[in-house]
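J.: Give me coordinates for this.
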Amino acid sequence: MVIPPPVRPERVTKFLKPYVLKMHFTNKFVHAQVFHTPTATVASSASSQEEALHLSMKQAKESTRDVAAAAKIGKILGERLLLQNIGAVSIFLKREQRYHGKVRAVIDSLRDAGIKLL
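T.: As a prediction, the model looks like this:
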């Protein structure tokens, strides 16, 4: 059974930012997702745990969790967003996330890919 996304009133969706970037970092991988807020669905995502990217990074003996991996994830996510005609995203940072290191690498590579940040 498929659960439909929540239906929000027009007065609420008018003030929501349409696309929100959320990042998650583990000890092994980097994950980034862009959510479509009005429908509460994932518009696009990228992760260093994806099979093709993980294998290519392993063959090149690169880490899947450092700043360089975060920059690759941001670049891939930016390309996927442009293919879906999503030109601007808002950024949601957790309390412990600062604009530094991996977070900065993801955001800067998104900006370099041509995504406007709100």
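J.: Okay, strands next: where are they in this protein?
T.: 19-25, 30-36, 41-47, 88-92, 116-117 (DSSP state E).
J.: what's the most buried one of these?
T.: The highest average neighbour count among the strands of the chain, using mean count of other Cβ atoms under 10 Å, belongs to strand 30-36 at a mean of 21. (C-beta placed from N, C-alpha, C; glycine too.)
J.: if we can go back for a sec, the strands of the chain into CSV, with extra columns for distance to residue 106 and mean pLDDT?
T.: Output for those, formatted as CSV (distance: least, Cβ to Cβ, whole Å; pLDDT from 0 to 100):
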stretch, distance to residue 106, mean pLDDT
strand 19-25, 6, 92
strand 30-36, 6, 93
strand 41-47, 9, 93
strand 88-92, 9, 89
strand 116-117, 11, 89
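J.: the inter-axis angle of the longest helix along the chain versus strand 19-25?
T.: Longest helix in the chain, counting residues (DSSP state H): helix 67-83. Put simply, helix 67-83 runs at 160 degrees to strand 19-25, going by axes from the mean of the first three to the mean of the last three Cα atoms, to 10 degrees.
J.: List the contacts of residue 68.
T.: With contacts defined as Cβ atoms under 8 Å, 6 or more residues apart in numbering, the neighbours of residue 68 are 62, 105.
J.: now do residue 80
T.: 44, 46.
J.: That one and residue 63, how far apart?
T.: According to Cβ to Cβ, to the nearest Å, residue 80 stands 22 Å off from residue 63.
J.: Over to residue 27?
T.: 11 Å.
J.: what's the spacing between the longest helix of the chain and its chain's center?
T.: Computed by Cα atoms, centre = their mean, to the nearest Å, the chain-centroid distance of helix 67-83 equals 8 Å.
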